[in-house]
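Trainee: Here is my input, please return the structure:
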Amino acid sequence: MNNAQMSARVGLFFLLGVALIWVTFEALGGNTLDAKRSYELTARFATLKELKAGDEVRMAGVTIGQVSETRLKGRLAEAILLVGNEVEVADNATATIAMSGLLGSNYVSLTLGSAEAPALTPGSIVRSVDTPDLNTVISQVGEVGRKVEQALSQFTGSLSGGTGGEGVMDKVNAMVDENRTRIGKITENLEIVSTRLRDGEGTLGKLLSDDTGYDELVAAIEEIRGAAENAREFMANAQGVIDQVKSGQGTLGTLIYDDTVGNDIKASAASLRELSAKLNSGEGTLGRLINDDSLYVEAQNAVKKVNRAVDGLADQGPISAVGVAANSLF
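Mentor: Numbers count the residues shown, from 1 in each chain. This next block holds a predicted model:
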C-alpha cells in the first residue's frame, strides 16, 4: 500500500469522524432553545432532586422547553425554565419535578391549567408543588417495614410471652386447664339440648319438629298481621274523620269551625240563662207556679171542689146535677 492510498484512507476516516460528531451534536443539542425563540419562567422548590441544566420541560407529556439554569435563592432552589415562544403557560399551571423512570433523569412537568386562565408573562414565577423523590419513597417504605416488623415482633412476643413472661397463649392454655371440667359439662349439656331438640321434646323441640305447632304459630302471625291491618285501616279512617272535622265538614266540624253556629249556641245559652233567671225570680205564669205557694194551694182547693162535685153528681139524679155542680163550685 503506497502513501497516497494511506493518506486517502486517513482523510476519509477523519471526515467520517467529523460527520459523526456533527450528527451526535445535532441529535443531543438540536432541541436547544436560544433567547430569541424562548422566554424564561422560574420555578421554586424545596429541593431540585438532581435536576440540572439541559433537562426537559414538559407539559402534558410534550417537551416544550428545557432547564437553562439551577441556583439557590435564599432557602429555596430555583430552576430557570426556557419555554418556546409558541407555548403559553396558564397562570394557574403547577410545576413539579418528575422522573422519566426508575433509572431515568428528572424533568420539570407543567400542568395545563384552566383554559380561561391568562398566560404567564416572561420572567414570571410558576406555582410549584414538591413531591417525594425515589430516595424519600424508599426511605418511607423502609420505615414502614421496620414499624411492621416491630409490630409483628411485639405481637409474637405477646402471644408467646417472651423471656420469662406469660403470653396470651399461655393465659389461654391456663384458662382452658382451669375450666376443663366446666367446659366438659357445658359441652355435655349442649349435646343433651341438641338431642332433645332433635327428638322434638319441649316447646322449642315441638316447634322444630311438629308441623302442627308450626302451623299454629303461622296462623297466630297471620292473625297478628290481620289485626295490624285492621288497626292501620282504623287509623286511616280516624285520620279521615279528623281531616273532615278540620275542614269544617259534618255536624262536629260545623260546631267547631263555623262561627255562625257558635254564635247561635251562645245566643241560645244566653236565652236559657235569662229564662232560668226569670223562673227563679218568679216572673211570668210558669215562674209564679214554681215559686208562689198560694197558686198551688188554690189549685189544690179547686181540685177538691171538683172531687166533691163529682161525688154529688153520683148521688143526685140527672135533673139536679147542674144545681149540685153549681152549689159545689160556688
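Trainee: need the contact list for residue 276.
Mentor: Contacts for residue 276 (Cβ atoms under 8 Å, 6 or more residues apart in numbering) come out as none. No exception for glycine: its C-beta is placed from N, CA and C like everyone else's.
Trainee: what's the closest non-adjacent residue to residue 120?
Mentor: Nearest residue to residue 120, sequence neighbours excluded (Cβ to Cβ, 6 or more residues apart in numbering): residue 89, at 4.8 Å.
Trainee: The spatially most central residue of the chain: which element?
Mentor: Centroid-nearest residue in the chain, with Cα atoms, centre = their mean: residue 232, separated by 29.4 Å. Using DSSP states H and E, residue 232 falls within helix 211-246.
Trainee: Give the next helix or strand downstream of that helix.
Mentor: Taking DSSP H and E, what comes next after helix 211-246 is helix 250-257.
Trainee: Give me the distance between that following helix and the centre of its chain.
Mentor: 44 Å (Cα atoms, centre = their mean, to the nearest Å).
Trainee: Which other helices and strands does it contact?
Mentor: Judged by 3 or more Cβ pairs under 8 Å, 6 or more residues apart in numbering; DSSP states H and E, helix 250-257 is in contact with helix 211-246, helix 259-281.
Trainee: Which neighbouring elements make contact with the first one?
Mentor: So the one you mean is helix 211-246. So helix 211-246, by 3+ Cβ pairs under 8 Å, 6+ apart, packs with helix 202-209, helix 250-257.
Trainee: What residues sit buried inside the first one?
Mentor: If you call a residue buried by 16 or more other Cβ atoms under 10 Å, then helix 202-209 has these buried ones: residue 205.
Trainee: The strand or helix carrying residue 98 pairs with which strands?
Mentor: When elements are assigned from DSSP H and E, residue 98 belongs to strand 94-99. Strand 94-99 has the following strand partners under DSSP bridges: strand 106-110 (antiparallel), strand 125-128 (parallel).
Trainee: Alpha carbons of it, as CSV, please.
Mentor: The C-alpha atoms that make up strand 94-99 are tabulated as CSV, following Å, rounded to 0.1, in the frame of the first residue of the first chain:
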residue,chain,number,x,y,z
THR,A,94,-48.4,23.9,38.5
ALA,A,95,-44.8,22.7,38.2
THR,A,96,-43.4,19.5,39.7
ILE,A,97,-40.2,17.6,39.3
ALA,A,98,-40.9,14.2,37.8
MET,A,99,-38.8,11.2,36.8
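Trainee: list the buried ones in it?
Mentor: 95, 97-99.
Trainee: Throw the helices and strands packed on helix 250-257 into a markdown table and include distance to residue 305 and mean pLDDT, thanks.
Mentor: Output for the helices and strands packed on helix 250-257, formatted as a markdown table (distance: least, Cβ to Cβ, whole Å; pLDDT from 0 to 100):
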| stretch | distance to residue 305 | mean pLDDT |
| --- | --- | --- |
| helix 211-246 | 60 | 82 |
| helix 259-281 | 29 | 77 |
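Trainee: For residue 114, find the nearest of those.
Mentor: helix 211-246 (56.5 Å; Cβ to Cβ).
Trainee: Just put the helices and strands packed on helix 250-257 in TSV and tack on distance to residue 253.
Mentor: Converted to TSV, these look like this (distance: least, Cβ to Cβ, whole Å):
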stretch	distance to residue 253
helix 211-246	4
helix 259-281	10
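Trainee: Any idea which of these gets closest to residue 188?
Mentor: Among the helices and strands packed on helix 250-257, helix 211-246 comes nearest to residue 188, with 27.3 Å by Cβ to Cβ.
Trainee: What lies in contact with the helix or strand encompassing residue 41?
Mentor: Element membership for residue 41, per DSSP H and E: strand 38-45. Strand 38-45 is touched from outside by 65, 68, 73, 76-85, 89, 95, 97, 108, 120, 122-126, 128, 130, with contacts defined as Cβ under 8 Å, 6+ apart.
Trainee: Report the angle between that strand and strand 106-110.
Mentor: 100 degrees (axes from the mean of the first three to the mean of the last three Cα atoms, to 10 degrees).
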